[in-house]
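after the sequence you'll find the predicted model.
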There are 2 protein chains.
Amino acid sequence: MGTLERRARARDTIRTRILDAARDLFVQNGIEAVTMRAIAKRIEYTPTTIYHHFRDKHALLVDLCQRDMGSLVQAFQRIGRIEDPADRLRRLGMAYVDFAVDYPSHYRFIFMTPKPPLLTDEDTTAVDENAYLILLATVRDGIAAGRYRPEFDDDQQLAQLAWGALHGIVSLQILKADEAWIDWRDVRETARAMIDLMMRGILLE
Amino acid sequence: MGTLERRARARDTIRTRILDAARDLFVQNGIEAVTMRAIAKRIEYTPTTIYHHFRDKHALLVDLCQRDMGSLVQAFQRIGRIEDPADRLRRLGMAYVDFAVDYPSHYRFIFMTPKPPLLTDEDTTAVDENAYLILLATVRDGIAAGRYRPEFDDDQQLAQLAWGALHGIVSLQILKADEAWIDWRDVRETARAMIDLMMRGILLE
DNA sequence: CCGAACACTTAACAGTGTTAACTCACCTGA
DNA sequence: TCAGGTGAGTTAACACTGTTAAGTGTTCGG
């Protein structure tokens, strides 16, 4: 009586169909195109059906992003194994920027959209948290190895400084790319210049 | 027959009453608390009335922010008269961060909220544009004065780099200040460290 | 004194996320 | 075989957005 499994499989199928439809709208027309009715129409179901598979819209988008951010997580974990802390830090920065450029909608939802107040679910630590922990460990290793100038002895501050610098460059680009009064430079090159500047600024000698 | 003036004055009165009500909701409960009905209720008018004084909600918020950002504009213009380009640049950065910390709702609306598509009015150049131009001129002066390392010869890129770095630090703070898994450092101090790091990185010698 | 301009309201439209109540097919246990 | 429950799916609605067409007076100018 594998009927239970079959049920579970069917449930998974419709779940991923919902997620696929949501992703299409998400990456093609931006987050504001993702409405429950639009998703439902695309998979030829009723909006209510979605609520049998996801608690609410926010949970759906969180689930979608957590799945899709696998590339960022993998990159971070791979880079996390690099020996040299300074080299590791530099590469984490580039991977972060690459992800933001490749998946602007995902980036915008995870890093640029406020969460609904107090409905923050305490599920398994989210991808942004994991990424921050890897960054933090990398910064700490560099400090412990005595690679950085003595004024950068606060791992939290240094991590927040590095994260903020790159987040600002990519998020400004995502938000204001079509503002005509700015002669935008290539975001990857600007980010690289930022990383070079930071590394030279914090490294000893 | 000063009746025309009186009319205009009355019009201005109700206009500012609307703006005041909107600002209260805006700064106290955040931008999501600003609904047309909430504003109307607070001044004991009908929502429709607001539309006789503002084209739509976005125009209302833009008007509100343009007025309130006078402090930022004044600070930028005052700093813009400082002789030394490097000192000017450093102070612009601090003033920018101060504004973001003091007026988080305004900052969020101007620098962290996407504009409604293609309804971008070509009104008198907005405050963010003015601020960017002052920053750009400051960067350019520093380059022209030969104060910066030769690899920073692109004024646009350097301006976008500096803006992005500080924008990232303050916007992360505004958005994720209540995420428990980050041990946030004081945003002004982090920003100051960022500015010091950048200045040391781009200045010659 | 009449007509137009003007401030304002009523009532509605179209869209959003969300939910209570129902139908109906299917599987389980007697 | 058949009662009953489980659960996927739908219908219809609620409460809330921003926004607007149409109507009501009041006030002013010729």
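Yes, it's here.

which helix runs longest in chain A?
For chain A, the helix with the greatest residue count under DSSP state H is helix A:3-29.

and that helix, does that touch chain B?
No: remark: helix A:3-29 sits outside contact range of chain B, by CB under 8 Å from any CB of the partner chain, the gap being at least 10.5 Å. (C-beta placed from N, C-alpha, C; glycine too.)

helices or strands next to that helix in the packing?
Helix A:3-29 is packed against helix A:36-42, helix A:57-68, helix A:104-112, with contacts defined by 3 or more CB pairs under 8 Å, 6 or more residues apart in numbering or on different chains; DSSP states H and E.

tabulate the ones you listed (TSV), appending mean pLDDT, mean neighbour count and distance to residue A:30.
Shown next, in TSV, are those (pLDDT from 0 to 100; neighbours: other CB atoms under 10 Å in any protein chain shown; distance: least, CB to CB, whole Å):
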stretch	mean pLDDT	mean neighbour count	distance to residue A:30
helix A:36-42	98	17	12
helix A:57-68	96	18	12
helix A:104-112	97	21	6
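
check chain A for the residue nearest chain B and tell me.
Going by CB to the nearest CB, chain B is nearest to residue A:168 of chain A, at 2.3 Å.

tell me if that residue really is in a helix.
Yes: under DSSP: H, G, I helix; E, B strand; the rest coil, residue A:168 sits within a helix.

what's the local residue count around the closest residue to it other than its chain neighbours?
Closest residue in space to residue A:168, ignoring its immediate chain neighbours: residue B:168 at 2.3 Å, by CB to CB, 6 or more residues apart in numbering or on different chains. A count of nearby residues for residue B:168, using other CB atoms under 10 Å in any protein chain shown, gives 27.

what's the residue nearest the centre of chain A in contact with, if anything?
Closest residue to the average C-alpha location of chain A: residue A:107 at 4.9 Å, with CA atoms, centre = their mean. Residue A:107 is in contact with A:99-100, A:170-171, A:174, counting by CB atoms under 8 Å, 6 or more residues apart in numbering or on different chains.

the helix or strand of chain A with the lowest mean pLDDT and DNA strand D, any residue contact?
Ranked by mean pLDDT, DSSP states H and E, the weakest helix or strand in chain A is helix A:3-29, scoring a mean of 89. Yes: interface with DNA strand D: helix A:3-29 contributes A:7, A:10-11, A:14 (CB under 7 Å from any atom of the strand).

next, the contact list for residue A:126, please.
Residue A:126 neighbours (CB under 8 Å, 6+ apart): A:62, A:66.

whichever strand or helix holds residue A:137: which residues count as buried?
Taking DSSP states H and E as the criterion, residue A:137 maps to helix A:127-144. By 16 or more other CB atoms under 10 Å in any protein chain shown, the buried positions in helix A:127-144 come out as A:127-128, A:130-136, A:138-139, A:141-143.

make CSV from the residues you listed and add distance to DNA strand C to it.
Shown next, in CSV, are those (distance: CB to the nearest atom of the strand, whole Å):
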residue, distance to DNA strand C
A:127, 21
A:128, 21
A:130, 26
A:131, 26
A:132, 27
A:133, 29
A:134, 31
A:135, 31
A:136, 32
A:138, 37
A:139, 37
A:141, 41
A:142, 42
A:143, 43
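
buried sites along the longest helix of chain A?
Result for helix A:3-29 [16+ other CB under 10 Å]: buried residues A:15, A:17-19, A:21-23, A:25-27.

picking up where we left off before, the residue nearest to residue A:168 against residue A:162, yeah?
No: in this structure residue B:168 lies outside contact range of residue A:162 using CB atoms under 8 Å: 9.6 Å.

just to revisit the earlier point, export the helices and strands packed on helix A:3-29 to JSON lines and tack on distance to DNA strand D?
Shown next, in JSON lines, are the helices and strands packed on helix A:3-29 (distance: least, CB to the nearest atom of the strand, whole Å):
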{"stretch": "helix A:36-42", "distance to DNA strand D": "7"}
{"stretch": "helix A:57-68", "distance to DNA strand D": "13"}
{"stretch": "helix A:104-112", "distance to DNA strand D": "21"}
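
can you redo these as a markdown table with distance to residue B:89?
Converted to a markdown table, the helices and strands packed on helix A:3-29 look like this (distance: least, CB to CB, whole Å):
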| stretch | distance to residue B:89 |
| --- | --- |
| helix A:36-42 | 46 |
| helix A:57-68 | 37 |
| helix A:104-112 | 26 |
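
where are the low-confidence patches of chain A?
A:1-4, A:117-124 (pLDDT under 70).

up against chain B, what does chain A have?
Going by CB under 8 Å from any CB, the residues of chain A near chain B are A:111-114, A:125, A:129, A:132, A:151-152, A:154, A:156-157, A:160-161, A:163-172, A:175, A:179, A:181-185, A:189-190, A:193-194, A:197-198, A:200-202.

distance of the residue lying closest to residue A:125 once chain neighbours are set aside from DNA strand D?
Leaving out its chain neighbours, the residue that sits closest to residue A:125 by CB to CB, 6+ apart is residue B:181, at 7.4 Å. Here residue B:181 is placed at a distance of 31 Å from DNA strand D (CB to the nearest atom of the strand, to the nearest Å).

how many residues are close by residue B:181?
The local packing of residue B:181 (other CB under 10 Å) involves 12 other residues.

residue A:200 now?
The number of residues packed near residue A:200 is 13, by other CB under 10 Å.

I figured it hits residue B:202, correct?
No: contact criterion CB under 8 Å: residue A:200 and residue B:202 do not qualify, at 9.8 Å.

how many other residues sit next to residue A:92?
Neighbours around residue A:92, by other CB under 10 Å: 24.

ok, and for the helix or strand in which it is found, which residues are buried?
Using DSSP H and E, residue A:92 falls within helix A:85-102. Neighbour-count burial for helix A:85-102, counted by 16+ other CB under 10 Å, picks out A:85-86, A:88-101.

name the nearest of those residues relative to DNA strand C.
Nearest to DNA strand C among these is residue A:100, at 24.1 Å by CB to the nearest atom of the strand.
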